[in-house]
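Visitor: here is my input; please provide its structure:
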Amino acid sequence: MMRIIKWVFVLFFLFGVMLGIIAVNGFESSATVSPSAELTRGELKRVKRFIQINNPMKLRSGQTASNQISQQDLNLLLSYISQKASGTLVRSASSHTVLNENHADVQLSLRLPENPLGQYINISTQLETVKYTQNNKGDEYLKLKSIRVGSLKFPAFITEPVAGYAHVLLQNNIPEYKLVSQSIQNIHIEKKKLTVSYVWDGQTVDNLKTKLSSRVIPDELRRALIAQSNNLSKISYRLSSRPTLNELIGPMFKLAESRSMLNDPVIENKAVFITLGAYSLNKNISKLFDKKDQTKIKTKKIYLKNRFDLSRHFLVSAAITSLADSFLAESIGLEKEMKDSEGGSGFSFSDLAADHAGIRLAEYSISNEQHARKVQTKLASIKYEGDYMPAIDNLPDGLSRQEFNRKYANTAEYESKEQLIKRRIDQLVIYK
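Guide: All right, here's what the predicted structure looks like:
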């Protein structure tokens, strides 16, 4: 027994020495990877286009897929995740990856809270692809070749067993890691290109969504979303045959106002917009949570200004603003309108007005606690949709690509229409 205790103390001592070495050699005053600048509109569209093209939801369960990503798109995607993630740790990290033949060099800089040792931890790793020995298909997997923390470099005889142990530990303790790792069949790295082959399993993805939601969505927001999902379930069965948006917004914000007596009103407002945004797309937000928190919701078309497409534009834009930011919601709204002009319903300035109105209301509602409570009080007893949605008269709709280009492309006329919409929104009662 004494022998075991002795070895425990030795291990703790060695662990403490190792942490001390890392602290002295790993903390630095500057970052090797500069924080990424906010993505431009073009970069944002490129990331969104990559996600759309490689969306696995188009696959059948059990189907094998192989996706390629360029070095540029990989770094843009990592920057996007870092900037939009809710976790402080992820947002404080910046990374850059260089892809070469059969290996990838990854640099990561992590900004630390104020401390006397250093402002950054800089980590450099090299990952190489190794062929599986269990089969003759030539499949490859990633292997950690080397790692450097600050000026401290760890040799392969330390990194390899530690990485192997970490892999086993993650598989045994983090279900979503195990689900993803089991789905991946092959990883191949070429110069400036990464190829990943995987098996798409619908059941696995459903499980993954549920498990990730509990980690990605903050607890306070998750509780508010569950409460509003239950609320929406009851409301959906009481809606009229042609329900207006007011029939949803009133009781949803009434609950938000009540819950804000004990909770953050900004979080409560976010939950309203996210829940309603999903509902407008015939999606049930509660499906992201455990079965005990899931509810049945009766789907119906919701009308705004006697048009159900306007309520969808309004609510989806408000939801995206609550989840991400207005720039993202605005660019998605504009992109959809341009797609419509290529053969759908055409470019609609009325839809664009609903986009802007949803963005503005969400921005205002979550900007600070005072605005959040003000919006709750007004919308909990809302009577007129004109209080939060501007008039759409004299706004052209159904413009084809040719008509749009002829009248509005590269001219001040488009800006004039957009400014008209924003002036109407500024004059709404909700902001008085």
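Visitor: got a list of what Gln228 touches?
Guide: Applying C-beta atoms under 8 Å, 6 or more residues apart in numbering to Gln228 gives the contacts 252, 255-256, 271-272, 275. Bear in mind the C-beta positions are built from the backbone N, C-alpha and C, glycine included.
Visitor: and for Lys283?
Guide: Counted by C-beta under 8 Å, 6+ apart, Lys283 has zero contacts.
Visitor: A strand includes it, no?
Guide: No - secondary structure of Lys283 (DSSP: H, G, I helix; E, B strand; the rest coil): coil, not part of a strand.
Visitor: ok, back up a step: buried members of the contacts of Gln228 into ChimeraX, please.
Guide: Entered in ChimeraX, the line below selects the buried ones among these, by 16 or more other C-beta atoms under 10 Å:
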select :252,255,256,271,272,275
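Visitor: what's the closest of the contacts of Gln228 to Ile158?
Guide: Checking the contacts of Gln228 against Ile158 with C-beta to C-beta, the nearest one is Ala271 at 46.2 Å.
Visitor: can you get me a residue count around Tyr303?
Guide: The number of residues packed near Tyr303 is 19, by other C-beta atoms under 10 Å.
Visitor: quick check: the gap between Thr125 and Lys301.
Guide: 51 Å (C-beta to C-beta, to the nearest Å).
Visitor: which one of these two is surrounded by more residues?
Guide: Neighbours were counted for Thr125 and for Lys301 using other C-beta under 10 Å; Thr125 has more, 19 against 13.
Visitor: surely that one is in a strand?
Guide: Yes - remark: Thr125 belongs to a strand, assigned using three-state DSSP.
Visitor: avg pLDDT for the helix or strand encompassing Lys270?
Guide: Using DSSP states H and E, Lys270 falls within helix 265-280. Regarding helix 265-280, the rounded mean pLDDT is 93.
Visitor: how about stretch 357-375?
Guide: For stretch 357-375, the per-residue pLDDT averages 95.
Visitor: contacts for it?
Guide: For stretch 357-375, contacts defined as C-beta under 8 Å, 6+ apart pick out 253, 257, 260, 264-266, 268-270, 273, 313-319, 321-322, 326, 329-330, 333, 388-390, 425, 428, 430-431.
Visitor: please apply the same query to stretch 304-324.
Guide: Residues contacting stretch 304-324 (C-beta under 8 Å, 6+ apart): 84, 244-245, 269-270, 273-274, 276-281, 301-303, 328-330, 332-333, 345, 348, 350-352, 354-359, 361-363, 366, 385, 389, 392.
Visitor: again, only this time at 7 Å
Guide: Stretch 304-324 is contacted from outside by 84, 245, 270, 273-274, 276-278, 280-281, 301-303, 328-329, 332-333, 350-351, 354-355, 357-359, 361-363, 366, 385, 389, 392, using C-beta atoms under 7 Å, 6 or more residues apart in numbering.
Visitor: send me it as CSV with only the CA atoms.
Guide: Extracted in CSV, the C-alpha atoms of stretch 304-324 (Å, rounded to 0.1, in the frame of the first residue of the first chain):
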residue,chain,number,x,y,z
LEU,A,304,-47.6,39.0,-42.1
LYS,A,305,-49.2,41.7,-44.2
ASN,A,306,-51.4,38.9,-45.6
ARG,A,307,-48.4,37.1,-47.0
PHE,A,308,-46.8,34.0,-45.4
ASP,A,309,-43.5,34.5,-47.3
LEU,A,310,-43.0,37.8,-45.4
SER,A,311,-43.3,36.2,-42.0
ARG,A,312,-40.7,33.6,-43.0
HIS,A,313,-38.3,36.3,-44.2
PHE,A,314,-38.9,38.3,-41.0
LEU,A,315,-38.5,35.4,-38.6
VAL,A,316,-35.6,33.7,-40.2
SER,A,317,-33.6,36.9,-40.4
ALA,A,318,-34.4,37.6,-36.7
ALA,A,319,-33.4,34.1,-35.8
ILE,A,320,-30.1,34.2,-37.7
THR,A,321,-29.3,37.6,-36.1
SER,A,322,-29.9,36.1,-32.7
LEU,A,323,-27.7,33.1,-33.4
ALA,A,324,-24.9,34.9,-35.3
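Visitor: which of the residues in that stretch are buried?
Guide: Neighbour counts using 16+ other C-beta under 10 Å place 304-305, 307-323 of stretch 304-324 among the buried residues.
Visitor: can you give me how far that stretch is from the chain middle?
Guide: Distance of stretch 304-324 from the chain centroid (C-alpha atoms, centre = their mean, to the nearest Å) equals 18 Å.
Visitor: for stretch 413-428, same thing?
Guide: The answer for stretch 413-428 is 29 Å, by C-alpha atoms, centre = their mean.
Visitor: kindly report the same for stretch 187-194.
Guide: Centroid separation for stretch 187-194 versus its chain: 25 Å, with C-alpha atoms, centre = their mean.
Visitor: show the average pLDDT along that stretch.
Guide: Averaged across stretch 187-194, pLDDT comes to 88.
Visitor: ok, and for stretch 284-297, which residues are buried?
Guide: 284-289, 293-295, 297.
Visitor: this structure: strands as residue ranges?
Guide: 27-28, 64-70, 93-100, 103-111, 120-131, 140-149, 152-154, 184-190, 193-199 (DSSP state E).
Visitor: quick one, which of those gets closest to Ala227.
Guide: Between the strands of the chain, strand 93-100 lies closest to Ala227; by C-beta to C-beta that is 32.4 Å.
Visitor: look up phi and psi at Val33.
Guide: Note on Val33: its backbone torsions stand at phi -120, psi 120 [degrees, to the nearest 10].
Visitor: pretty sure it sits against Ser95.
Guide: Yes - here Val33 lies in contact with Ser95, judged by C-beta atoms under 7 Å, at a distance of 6.0 Å.
Visitor: so Ala353 makes contact with Gln419?
Guide: No - Ala353 is not in contact with Gln419 according to C-beta under 7 Å; the separation is 11.9 Å.
Visitor: among the contacts of stretch 357-375, name the buried ones.
Guide: Buried members of the contacts of stretch 357-375, counted by 16+ other C-beta under 10 Å: 253, 257, 260, 265-266, 268-270, 273, 313-319, 321-322, 326, 329-330, 333, 388-390, 425, 428, 430-431.
Visitor: report how many residues lie close to Asn231.
Guide: Burial of Asn231 is recorded as 21 neighbouring residues (other C-beta under 10 Å).
Visitor: so how far is Ala319 from it?
Guide: In this view, Asn231 and Ala319 are 16 Å apart by C-beta to C-beta.
Visitor: list the contacts of Ser79.
Guide: Contacts of Ser79 by C-beta under 7 Å, 6+ apart are 36, 39.
Visitor: run a quick neighbour tally on Ile226.
Guide: 21.
Visitor: how far away is it from Arg242?
Guide: 29 Å.
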